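Chemist: task: produce atomic coordinates for the following.
(chains A and B)
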Amino acid sequence: MNAADTAWMLVATALVLLMTPALGFFYGGLVRAKNALNTMMMSFAALGCVAIAWALAGYSLAFAPGSAWLGDLSRLFLHGVGLAPNGTIPHVLFMAYQGTFAIITAALISGAIVERMQFRAYLIFLTLWSVLIYAPIAHWVWGGGWLAKLGALDFAGGTVVHVNAGVAAVVAALILGPRKDYARQAILPHSVPFTLLGAGLLWFGWFGFNAGSALGANALAALAFVNTMLAPAATLVVWTLLDLRRGGKVTAVGAATAVVVGLVAVTPAAGFISPIAAIALGGIAAIPSYYCVLWRPRTRLDDSLDVLAAHGVGGTVGAILTGVLAQKVWNGVADGVLFGAPMQLVVQIAGVAAVAAYSAAGTVVILKAIALFMPLRVTEHSGEGLGLDVSQHGEEAYGTGEGAILVLPDLIPPVTTPAPEPAGERA
Amino acid sequence: MKLVVAIVRPEKLTDVLEALFRAEVRGLTISRVQGHGGETERVTTYRGSTVKMELSEKVRLEIGVSDHFVEPTVGAILTAAQTGEVGDGKIFVLPVERVYRIRTAERDEAAVTPVG
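Modeler: Numbers count the residues shown, from 1 in each chain, chains lettered A, B, ... in the order given. The predicted model follows:
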């Protein structure tokens, strides 16, 4: 047990947990005002049901010893997860840290299916997905599974988290179908400042995500930390130039998107590449995601908040470039193509393909199974038309209170003002 | 000349504008308004307080048209704004005494749709 490592990992766990409400702000700002609460709740709700599913079952399937494909059930209900060290930190802390990853990964998917999904169907999807899809894939890469044995490099989850969520998002968007107004009306972000706030808080939390993945307060954490600062900065610069070249204006939604793309891309690479390589990686990663964002709205694929472009494409580019730019003198583990190990690239691509295939197939099965028991979508007029805040949550994000009448519960008598005494008697 | 005043659902505004454009109605004013027209009220809950929202968000369109443009205008709004559920809104057609176009000081029929 190491006190410094424990201290850093306590902080890192809190940082990663903050990313999920931050994602709520990022996504919430991008939708229409009538769906703001619903969109933010899609992230917020993951803090509840995914965390509990993780503690009860997900952690065991991901990190208990088992086969190359899946952890066994020896850690079910946190059995044997105590204060004894796992590595250099208490086992309970390791479990909590990994739990925050499960929460944000599931929440990321919501960006593709906003403004139309039944909330109760979403909650069931979220919970099942985190246990049946996220946990096995986490086991493949970090739990001693087959991708780990193959030598796939995924420092903080470019494949496990981002490719996984990006592919599941596309599949979910296809199964639910586009919003009724998609490609018929202009659907504008209702609060770009929320989106910038969310992107900023995501970046802050991401230091815990990437530098925390060193699992200790050490030089590797410092490398991951610096790369987490530089790569998104480079993405932001390149994105700015692409924006200038396209329309002559630097957009705020573009800047927020760029930061997330850069963070996603550096996630698998953070502890494996040099800071100069991180700048190159961040800059290169801007290009495919930028053009994916431009291309997607011309299709019938209503991946509403571009989870594919940011996480699917960003994560894939990051995973591949990790296989190119990894440098043993920095990470002590493996070299990439540029440093004389061409096979690393093949392993990286195999990892992305396997995760994408399992994630896509599993997401189809879960959503189709839920659809047997309840509708996945809200109704057209009283749901999508009125907005999901009122129809799903019975609340409004920006209620003015005008015309609102308080419904008094029967048990409390109303506070009535005494009738005014007749004038004249008092004088 | 008539003034057509229509109260419609905000989510139907784009459809209405499209229909008016196709009917070649040019020149209109819209405002966001709140009103009550017999629709079932929305119930919202904030912690322990339950609240009935008696007023719902609507959009009001005001369109000054010449007499033979009244029917196309009303027709366009009727088709585009209809969902068939309570709360679709109203259309009022009012007589207008005089109209001036400020830019040119033209008046009456020359100052309303159709333009030119």
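
Chemist: centroid-nearest residue for chain A?
Modeler: Residue closest to the mean C-alpha point of chain A, counted by C-alpha atoms, centre = their mean, is A:Leu108 at 3.1 Å.

Chemist: give me the spatial nearest neighbour of the closest residue to chain A within chain B, chain neighbours excluded.
Modeler: The nearest approach of chain B to chain A comes at B:Leu55, 2.8 Å away (C-beta to the nearest C-beta). C-betas here are computed from N, CA, C, even on glycine. Using C-beta to C-beta, 6 or more residues apart in numbering or on different chains and skipping the chain neighbours, the partner closest in space to B:Leu55 is A:Gly403 (2.8 Å).

Chemist: what residues does chain B put near chain A?
Modeler: B:9, B:11, B:14, B:34, B:36, B:42-46, B:48-55, B:83, B:85 (C-beta under 8 Å from any C-beta of the partner chain).

Chemist: picking up where we left off before, okay, now the residue nearest to B:Leu55: neighbour count?
Modeler: Neighbour count of A:Gly403, defined by other C-beta atoms under 10 Å in any protein chain shown: 17.

Chemist: shouldn't it be in contact with B:Val51?
Modeler: No. Counting by C-beta atoms under 8 Å, B:Val51 is not a contact partner of A:Gly403; they are 9.8 Å apart.

Chemist: need the strands for the chain, in chain order.
Modeler: Because you didn't say which chain, this covers chain A. Using DSSP state E, the strands of chain A run over residues A:85-86, A:89-90, A:404-407.

Chemist: could you do chain B instead?
Modeler: Using DSSP E, the strands of chain B run over B:2-8, B:29-35, B:42-46, B:49-53, B:56-65, B:89-95.

Chemist: show me the one of those that comes nearest A:Gly99.
Modeler: strand B:42-46 (30.4 Å; C-beta to C-beta).

Chemist: identify the residues contacting stretch A:290-301?
Modeler: Contacting residues not belonging to stretch A:290-301 are listed as A:170, A:173-174, A:178, A:183, A:239, A:242, A:257, A:303, A:306, A:308-309, A:313 [C-beta atoms under 8 Å, 6 or more residues apart in numbering or on different chains].

Chemist: again, 7 Å this time
Modeler: A:170, A:173-174, A:178, A:239, A:242, A:257, A:303, A:306, A:308-309, A:313 (C-beta atoms under 7 Å, 6 or more residues apart in numbering or on different chains).

Chemist: what's the answer for stretch A:58-66, then?
Modeler: Under the criterion C-beta under 7 Å, 6+ apart, residues A:70-76, A:95, A:98-99, A:102, A:130-131, A:134-136, A:138-139, A:143-144 lie in contact with stretch A:58-66.

Chemist: from chain A, which residue is nearest to chain B?
Modeler: In chain A, the residue that lies nearest chain B is A:Gly403 (2.8 Å; C-beta to the nearest C-beta).

Chemist: identify the residues contacting that residue.
Modeler: Contacts of A:Gly403 were listed using C-beta under 7 Å, 6+ apart, and they are B:34, B:53-55.

Chemist: so where's chain A shaky on pLDDT?
Modeler: Residue ranges of chain A with pLDDT under 70: A:409-427.

Chemist: equivalent analysis for chain B, please.
Modeler: In chain B, residues with pLDDT under 70: B:113-116.

Chemist: go again using 80 as the cut-off
Modeler: Low-confidence segments of chain B, defined by pLDDT under 80: B:38-42, B:47-49, B:53, B:113-116.

Chemist: farthest out from the centre of it, which residue is that? Tell me.
Modeler: B:Gly48 (37.4 Å).

Chemist: against A:Gly403, how distant is it?
Modeler: As judged by C-beta to C-beta, to the nearest Å, B:Gly48 and A:Gly403 stand 21 Å apart.

Chemist: got the strands of chain B as JSON lines, with mean neighbour count columns?
Modeler: Below are these laid out as JSON lines (neighbours: other C-beta atoms under 10 Å in any protein chain shown):
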{"stretch": "strand B:2-8", "mean neighbour count": "20"}
{"stretch": "strand B:29-35", "mean neighbour count": "12"}
{"stretch": "strand B:42-46", "mean neighbour count": "15"}
{"stretch": "strand B:49-53", "mean neighbour count": "17"}
{"stretch": "strand B:56-65", "mean neighbour count": "21"}
{"stretch": "strand B:89-95", "mean neighbour count": "14"}
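
Chemist: kindly report the residues of the stretch 151-300 of chain A close to chain B.
Modeler: A:Gln185 (C-beta under 7 Å from any C-beta of the partner chain).
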